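**Student:** Sequence first, then the predicted structure, then my questions.
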Amino acid sequence: MTGKIHEMITAGTRALIEENFLQLMEQEGFHKVSVRNLAQRTHINRGTFYLHFTDKYDLLEQLQSEILTGLEQIMVVRIVHAEMLEHYLNSAPYPPLVHIFEYLQQHGQRIGLFLGAKGEAGFPGQFKEVIRRSFYRKLEVNGVFAEHPEIPPEYLAAHSASIFLGITEEWLRSGMPYTPDELSVIYIRILFMQPELVRRS
């Protein structure tokens with residue numbers, strides 16, 4: 001067997017393990033999944049499972065880490081306020097935001113599962129921390145902290161992250177009823193509504 005073929009078989013086995021793990025997790029919840037029933041469902045022996053993962057916690061952590069790493073990379077984009085305002089006035093999707101929501105849509109089923117009751121308790125906190133950290137870096141890169149030195153940076157980042165998190169979690173919870181383009185427009189509208197919301201609160 002050549003090295004290339006072996007790599008393909010190994011990758012295929014790993015993908016099957018991950019797919020069946022997620023299916024079992026959705027059906028039974030993470031804490032009821034065992035290596036034994038996962039191996040049976042995947043039609044492999046447990047030894048094969050342990051060639052890829054230490055245990056089910058390692059498998060879950062790797063799946064979550066892959067999503068969170070990708071999200072953090074795509075979150076830190078340059079936002080030009082004048083461009084976003086123009087898109088708001090024209091009710092048009094803003095491309096940098098669309099790309100973020102496209103990533104979330106692509107991984108939405110897994111993220112929703114990890115965030116839900118059948119997931120593991122630590123993921124929601126990790127997800128929120130990645131969003132908060134990403135907004136901190138984004139606001140720093142876009143010069144917002146420098147423009148508002150009177151406000152502690154961590155508070156600005158927390159405020160911005162909370163709006164994004166609220167919208168994203170509702171979108172995922174409701175089954176992503178809007179396209180990334182549509183959600184981008186909704187998100188921008190909410191951002192520009194903030195002064196009005198404050199006046200009416």
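**Tutor:** Here it is on my side, so go on.
**Student:** Any buried residues in stretch 108-116, and which?
**Tutor:** Judged by neighbour count using 16 or more other CB atoms under 10 Å, the buried positions of stretch 108-116 are 108, 110-115. Yep, even glycine has a C-beta here, placed from its N, CA and C like the rest.
**Student:** Check stretch 143-150 too.
**Tutor:** Judged by neighbour count (16+ other CB under 10 Å), stretch 143-150 contains these buried residues: 144-145.
**Student:** hmm, back to that, for the buried residues of stretch 108-116, which one is nearest Phe101?
**Tutor:** When the buried residues of stretch 108-116 are ranked by distance to Phe101 (CB to CB), Gly108 comes first, at 9.5 Å.
**Student:** The closest one: what's it in contact with?
**Tutor:** In this structure, Gly108 makes contact with 172, 176, judged by CB atoms under 8 Å, 6 or more residues apart in numbering.
**Student:** Which segments of the protein make up each domain?
**Tutor:** If the domains of the chain are taken from automatic domain parsing, they occupy 1-53, 62-200, with pieces of a single domain joined by a plus sign.
**Student:** Now tabulate those domains in CSV and tack on mean pLDDT.
**Tutor:** Rendered in CSV, the data for these read as follows (pLDDT from 0 to 100):
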stretch, mean pLDDT
domain 1-53, 85
domain 62-200, 92
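**Student:** immediately after the helix or strand hosting Glu154, which helix or strand?
**Tutor:** When elements are assigned from DSSP states H and E, Glu154 belongs to helix 153-173. Past helix 153-173, further along toward the C-terminus, the next helix or strand under DSSP H and E is helix 180-200.
**Student:** hmm, who's touching that following helix?
**Tutor:** With contact meaning CB under 8 Å, 6+ apart, helix 180-200 is reached by 84-85, 87-88, 91-94, 97-99, 101-102, 104-105, 163-164, 167, 171, 178.
**Student:** Using PyMOL, define a selection of the buried residues within these.
**Tutor:** Entered in PyMOL, the line below selects the buried ones among the contacts of helix 180-200, by 16+ other CB under 10 Å:
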select buried, resi 84+87+88+93+94+97+98+101+102+104+105+164+167+171
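**Student:** Restricted to helices, list the contacts of helix 180-200.
**Tutor:** Counted as lying in helices by DSSP state H, out of the contacts of helix 180-200, are 84-85, 87-88, 97-99, 101-102, 104-105, 163-164, 167, 171.
**Student:** Now for those: which two are most distant?
**Tutor:** Within the ones in helices among the contacts of helix 180-200, two members stand farthest from each other by CB to CB: Leu85 and Gln105, at 25.1 Å.
**Student:** chain center to stretch 48-59: distance?
**Tutor:** Relative to the centre of its chain, stretch 48-59 is centred 23 Å away, using CA atoms, centre = their mean, to the nearest Å.
**Student:** I misspoke; the intended subject was stretch 32-47.
**Tutor:** Stretch 32-47 has its average C-alpha position 27 Å from the chain's average C-alpha position, going by CA atoms, centre = their mean.
**Student:** Count the residues that sit near His43.
**Tutor:** Other residues lying near His43 total 9 when counted by other CB atoms under 10 Å.
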